[in-house]
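[1] sequence below, structure please.
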Amino acid sequence: MEIRIKLGDRYLTIDHLTTNLMKDRLDRRGDLHSHPVFHFMYILEGSGVFTVGGYTTDAKPGMLYIVNPDVPHKFYFGSDGPLTNLECTFRLTDDTGKAAVVDFFDECGFAVTEEGRHTPYAVPARFKPMLSEGFEHVIDAFTSPRLQQHADIMVADLWARIETVLRTMLQEGGMIEMTDDTVASVKRFLLANRHRPVKLKEAADFAHVTPNYLCRLFKEQSGDTPMGYLQTARMREAEKLLAYTDLPIYAIAERLGYEEPSYFARVYRETYGQSPQAHRRRMVAENRIK
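    Numbers count the residues shown, from 1 in each chain. Here you go, the predicted structure:
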């Protein structure tokens, strides 16, 4: 299934290449090279020496590297003990199938320095589970015969998670100002965290406003509440998972942040007028989805 994302005034297709958990790499070196792909690399254990765009840094646990297309880079894995890391490699292509030249930081609206584009970011402890989960979702989809066609969706989700983490880090460090309005920022936060339980206060804290103010602002600009927006996004994803995968109902509920499958089923029935099971049977029979 082809997944297209809008970046600026362009719609680009995600072409997922590979995502892996690379374990215990010791004293492995690569030559300096470049190619038209993204690398998202998150260090879990051990150490290494990475060179990206002329900047050489020590790779340590908790560090996130973002390597943009056509940026020269080389990696030395396991410089002082085995290194374990998560890594996702993908392209963005235009309508002709040609790899697009895209800069992650520019597309996210981050006015960072040249050094900031080529050196790692130390991920705060509170974001580590969210980030690791994003990589794991891509790996799960990529390695499952039933879900491989959904790997591109999970890459888009990983992009959103990384954008959310960096936006928060850079804002808290005073390195960037908001380039989008509060509601747009909160929408990205909610979408990036839709796979786990999220409270209104957490979304408000992310935007540095009170819950009441966020609800009022959200309602004025979007006609919905933050939690209503999140529920709608979850239901749309649930519909796709029901139509295009064989995942059991409880697994879909868990993947979308619902702790109780029965509650998920009740919300789904209220949204679509049918239980998840009945709606799945109908969609499969009709071979279509809204």
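
[2] which stretches in the protein count as strands?
    Under the criterion DSSP state E, the chain contains strands at 4-7, 10-25, 28-29, 38-45, 48-52, 55-59, 63-67, 73-77, 83-93, 121-122.

[3] could those strands go into JSON lines alongside mean neighbour count and distance to residue 280?
    For every residue, glycine as well, the C-beta is placed using N, CA and C. Output for these, formatted as JSON lines (neighbours: other Cβ atoms under 10 Å; distance: least, Cβ to Cβ, whole Å):
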{"stretch": "strand 4-7", "mean neighbour count": "14", "distance to residue 280": "25"}
{"stretch": "strand 10-25", "mean neighbour count": "16", "distance to residue 280": "26"}
{"stretch": "strand 28-29", "mean neighbour count": "13", "distance to residue 280": "45"}
{"stretch": "strand 38-45", "mean neighbour count": "21", "distance to residue 280": "33"}
{"stretch": "strand 48-52", "mean neighbour count": "21", "distance to residue 280": "45"}
{"stretch": "strand 55-59", "mean neighbour count": "16", "distance to residue 280": "44"}
{"stretch": "strand 63-67", "mean neighbour count": "22", "distance to residue 280": "37"}
{"stretch": "strand 73-77", "mean neighbour count": "20", "distance to residue 280": "44"}
{"stretch": "strand 83-93", "mean neighbour count": "21", "distance to residue 280": "29"}
{"stretch": "strand 121-122", "mean neighbour count": "14", "distance to residue 280": "40"}
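
[4] who touches stretch 151-162?
    Stretch 151-162 is contacted from outside by 1-3, 5, 14-16, 19, 40, 64, 66, 88, 90, 104, 130-131, 133-135, 137-138, 140-142, 188, 191-193, 195, using Cβ atoms under 8 Å, 6 or more residues apart in numbering.

[5] tell me how far that stretch is from the chain's mean position?
    Distance of stretch 151-162 from the chain centroid (Cα atoms, centre = their mean, to the nearest Å) equals 3 Å.

[6] next: stretch 198-216.
    On Cα atoms, centre = their mean, the centre of stretch 198-216 falls 21 Å from that of its chain.

[7] over to stretch 60-68?
    On Cα atoms, centre = their mean, the centre of stretch 60-68 falls 15 Å from the chain's centre.

[8] kindly format the C-alpha coordinates of that stretch as CSV.
    Extracted as CSV, the C-alpha positions of stretch 60-68 are listed here (Å, rounded to 0.1, in the frame of the first residue of the first chain):
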residue,chain,number,x,y,z
LYS,A,60,26.6,6.6,23.2
PRO,A,61,23.4,5.1,24.6
GLY,A,62,20.3,7.4,24.3
MET,A,63,21.7,9.3,21.3
LEU,A,64,19.6,9.8,18.2
TYR,A,65,21.2,10.4,14.8
ILE,A,66,19.3,11.8,11.9
VAL,A,67,21.1,11.5,8.6
ASN,A,68,19.5,13.3,5.7
